[in-house]
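Engineer: what shape does this take:
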Amino acid sequence: MKAFLLAAGKGQRLRPLTNTLPKCLVPINGKPLLGLWLELCHTYGITEVLINLHHLPQQVQVFLRDHDFGLRVRTCFEKELLGTAGTVATNQSFVVNERDFFILYADNLTDVDLGRMLAFHRAHGGEFTMGLFRTDKPQQCGIVALDATHRITDFVEKPVDPKSNLANAGIYIANSTIFRHFPPQPCLDFGFDIFPRLVGQIYGYVIQDYVLDIGTMDNYLLAQQTWGQRHHACRVSG
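Structural biologist: Residues are numbered from 1 along each chain as shown. Predicted coordinates for the structure are as follows:
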């Protein structure tokens, strides 16, 4: 199983922290976010990851060189950002022989059960599964509506009048046939260029685990508190 791990963001809302540190390496209770993602991938049987780089790429390369997470890691540098879907489209040869693959946004903090999500994806038989979480700020997210079969019947990026509180978690599973829906342009965004044209054809998986976008300083500080509390509780109960 392979995964795209999208880590090229500049982290502008986390400045000044990201002036000298890539967003994907910001520490969560002392551990770089990228390291947490690679540990999660290894836990759920992902054997190879492609990471896109842009802001301060040398630091990420040094981190990857100095740490072994038990899986193969490739990197690709984007001189100009290609967008979330653009990276995947440009590097589709990475998954050419895969039945399914993950697409993961590295600026989210999560302990999602990727195995359970993969089982859901294969059970519905569709081309694409979008991980979802419930948010109290739907105007700031990509929001979906689901039918009784968990098929996505509506998707709007940052809606003025949200139809639900189910938000795009930036955790996806795609079938290799998904590329036929990608328009022929180098820069593509899933939220604006791909999902609106796939409404009614893709499915949503409601994540019951921890998910937090650490892209703002308020959420980054919240992560330091809530992540530690959650995983301390898991260690005690385990």
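Engineer: just the helices in this protein please.
Structural biologist: Assigned by DSSP state H, the chain shows helices spanning 33-43, 57-66, 84-90, 114-124, 195-198, 217-237.
Engineer: show me how far the second one is from its chain's centre.
Structural biologist: Between the centre of helix 57-66 and the centre of its chain there are 20 Å (CA atoms, centre = their mean, to the nearest Å).
Engineer: pretty sure Ala167 sits against Ala145.
Structural biologist: No: contact criterion CB atoms under 8 Å: Ala167 and Ala145 do not qualify, at 11.7 Å. In this view, the C-beta of every residue, glycine as well, is placed from N, C-alpha and C.
Engineer: between the two, tell me which one has more neighbours.
Structural biologist: Neighbour totals were compared for Ala167 and Ala145, and Ala167 leads with 23 against 16 (other CB atoms under 10 Å).
Engineer: please list all residues in contact with the more buried one.
Structural biologist: Contact analysis of Ala167 by CB atoms under 8 Å, 6 or more residues apart in numbering lists 132-135, 138, 141-144.
Engineer: skipping adjacent residues, who's closest to it in space?
Structural biologist: Nearest residue to Ala167, sequence neighbours excluded (CB to CB, 6 or more residues apart in numbering): Cys141, at 3.7 Å.
Engineer: same thing with Phe69?
Structural biologist: Leaving aside its chain neighbours, Phe69 sits nearest to Leu38 (3.9 Å; criterion: CB to CB, 6+ apart).
Engineer: what is the end-to-end distance of stretch 188-195?
Structural biologist: End-to-end span of stretch 188-195 (CA to CA, to the nearest Å): 11 Å.
Engineer: coming back round to it: mind putting the helices of the chain into TSV with mean pLDDT and mean neighbour count?
Structural biologist: Listed next are those as TSV, based on pLDDT from 0 to 100; neighbours: other CB atoms under 10 Å:
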stretch	mean pLDDT	mean neighbour count
helix 33-43	97	19
helix 57-66	94	14
helix 84-90	95	23
helix 114-124	97	16
helix 195-198	91	16
helix 217-237	73	13
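Engineer: doesn't Gly170 make contact with the residue nearest to Ala167?
Structural biologist: No: using CB under 8 Å, Cys141 is not in contact with Gly170; the gap is 9.9 Å.
Engineer: quick one: the spatially closest residue to Asn29 that is not a sequence neighbour and Leu38, what's the gap?
Structural biologist: Distances taken as CB to CB, 6+ apart put Gly228 closest to Asn29, at 4.8 Å, once the chain neighbours are dropped. Here Gly228 is placed at a distance of 19 Å from Leu38 (CB to CB, to the nearest Å).
Engineer: all set, thanks.
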